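J.: Have a look at this fold, sequence not included:
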């Protein structure tokens, strides 16, 4: 999400935000604004709904983006101690699908930016 928000000309300064819900809100607004003129209806809504579903589920698990980046909190307490087993395969598969969607949006934006808009 950060690449979509910050890796472009005239991008806002990266504020080092890790709250997935806040980042998704910014990213979704940009995607809908940018691609809304190009794509209509299901073509745009279906991938955005998939992204949103995954991101909001990850936000429930890790609202501050710490659990998935670090083994413990700043006080040394281990994360996810309430789980004896975590099946990462479904998370991995969903994350790969989300990555492909983001990459397709980034590729489309980059391709369109070659045609002259400084706001992309």
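T.: All right, it came through fine. These figures come from a predicted structure and were not determined experimentally. Residues are numbered from 1 along each chain as shown.

J.: Pull out the buried positions in the worst-scoring helix or strand of the chain on mean pLDDT.
T.: Within the chain, no helix or strand scores below helix 2-6, which has a mean of 75 by mean pLDDT, DSSP states H and E. Residues of helix 2-6 classed as buried by neighbour count (16 or more other CB atoms under 10 Å): 4, 5. To be clear about C-beta, it is placed using only N, CA and C from the backbone, and glycine gets the same treatment.

J.: C-terminal to it, what's the next element?
T.: helix 20-35 (DSSP states H and E).

J.: So which other helices or strands are in contact with that following helix?
T.: helix 2-6, helix 42-61, helix 89-113 (3 or more CB pairs under 8 Å, 6 or more residues apart in numbering; DSSP states H and E).

J.: coming back round to it: so which elements touch the least confident helix or strand of the chain?
T.: If you count contacts as 3+ CB pairs under 8 Å, 6+ apart, helix 2-6 packs onto helix 20-35, helix 89-113.

J.: neighbouring contacts of the shortest one?
T.: With CB atoms under 8 Å, 6 or more residues apart in numbering as the test, helix 20-35 has contacts from 1-2, 4-5, 17, 44, 48, 51-52, 55-56, 58-59, 62-63, 65, 105, 108-109, 120.
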